[in-house]
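**Student:** here are the coordinates; sequence isn't available:
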């Protein structure tokens, strides 16, 4: 039986649909990626995660590991590489898993999807998903890596002040007003 | 009975512990914030989310709305303001909910926690959580806002190429090699 983390394949598919909203191929292959990384962790008790793309893969990590965006243990780097690393949070020793284009030759639907070789409307989602389920970890490669944990850690917010413009709390390190009131507001 | 989204208060607490890993006050108050925003949505069928802090609140949004980091419907802006906005994805009309310092005078433990008025080791987590449960939406304020959806949308990855250095797929818009191979690699 295929297992993804502690879930059966079917349970994981259900979890994706519930959390991510739709059954994206990237989430399914992402499940195999996290699973492979977790089976190849370097020694240690506490692991943080790096995700090298903002697309899909952060959700596989959040669903299958203790690392989330909100708890700061998952860092998303928007490089557009479909890869993730789990690393020991003090030593920085880690394992990196990536979707390996060189292993896709037997899986044409996956290759066409991943490299966008044909328009989305001509792709067959069910075939892609079938091939991902069949190929699973066979699409992946593994590397030992090392990171500098300090560089990836979310900076502490530090001391708090009340912004004189919006009257809301903000990190005092940002200056005399919060960043939105200094001109970075996303609101019109 | 207190409800947070479709969950009972106790179910939501359980969900936090399972997803976020620990019972952070920010996640609990975040639940009330998302709930209030969802009860005050402008007209529309599809809503995207903006979170104005990377700390805790993104996880409340991911647990209680369809918006996640991986599906691109949640945009995290690291401003350090404890606020979120849900907006109609085409018109940009939205509702913003923020933790209102002016409403904290009756809740000293919450105020001390939120404004970091005393060191964490002197704070009483259980008291903070009790006050949050009691105060709930009474700590929050609401604003109508408008955003420019195009500015907040995650840019499409676009066409894909194979990086000549690492042999992995990357967005061709990034140049002749992927960003990590151009010098942004987080690995030593």
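**Tutor:** It's in. Keep in mind it's a predicted model, so treat the numbers as computed, not measured. Residues are numbered from 1 along each chain as shown, chains lettered A, B, ... in the order given.

**Student:** pLDDT score assigned to the residue positioned nearest the centre of chain A?
**Tutor:** For chain A, residue A:58 is the residue whose C-alpha lies nearest the centre (C-alpha atoms, centre = their mean; 2.4 Å). The confidence metric pLDDT takes the value 98 at residue A:58.

**Student:** Please name every helix or strand in contact with the helix or strand containing it.
**Tutor:** Using DSSP states H and E, residue A:58 sits within helix A:57-64. Using 3 or more C-beta pairs under 8 Å, 6 or more residues apart in numbering or on different chains; DSSP states H and E as the contact definition, the elements that helix A:57-64 packs against are helix A:9-19, helix A:25-38, strand A:47-51, strand A:74-76, strand A:83-88. The C-beta positions use only the backbone N, C-alpha and C, and glycine is treated the same way.

**Student:** try 6 Å this time
**Tutor:** Using 3 or more C-beta pairs under 6 Å, 6 or more residues apart in numbering or on different chains; DSSP states H and E, the elements in contact with helix A:57-64 are helix A:25-38, strand A:47-51.

**Student:** need the ones you listed in JSON lines with mean pLDDT, distance to residue B:46 and mean neighbour count, can you?
**Tutor:** Output for the helices and strands packed on helix A:57-64, formatted as JSON lines (pLDDT from 0 to 100; distance: least, C-beta to C-beta, whole Å; neighbours: other C-beta atoms under 10 Å in any protein chain shown):
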{"stretch": "helix A:25-38", "mean pLDDT": "98", "distance to residue B:46": "20", "mean neighbour count": "24"}
{"stretch": "strand A:47-51", "mean pLDDT": "98", "distance to residue B:46": "25", "mean neighbour count": "25"}
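
**Student:** For those, give me CSV that also has distance to residue A:187.
**Tutor:** Rendered in CSV, the data for the helices and strands packed on helix A:57-64 read as follows (distance: least, C-beta to C-beta, whole Å):
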stretch, distance to residue A:187
helix A:25-38, 31
strand A:47-51, 28
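
**Student:** for these, which one sits closest to residue B:92?
**Tutor:** helix A:25-38 (27.2 Å; C-beta to C-beta).

**Student:** if I pick the closest residue to residue A:40 other than its chain neighbours, what's in contact with it?
**Tutor:** Beyond its immediate neighbours in the sequence, the residue positioned closest to residue A:40 (C-beta to C-beta, 6 or more residues apart in numbering or on different chains) is residue A:95, lying 4.8 Å away. Contacts of residue A:95 were listed using C-beta atoms under 6 Å, 6 or more residues apart in numbering or on different chains, and they are A:37, A:40, A:86.

**Student:** what about residue A:115, how many neighbours?
**Tutor:** Neighbour count of residue A:115, defined by other C-beta atoms under 10 Å in any protein chain shown: 15.
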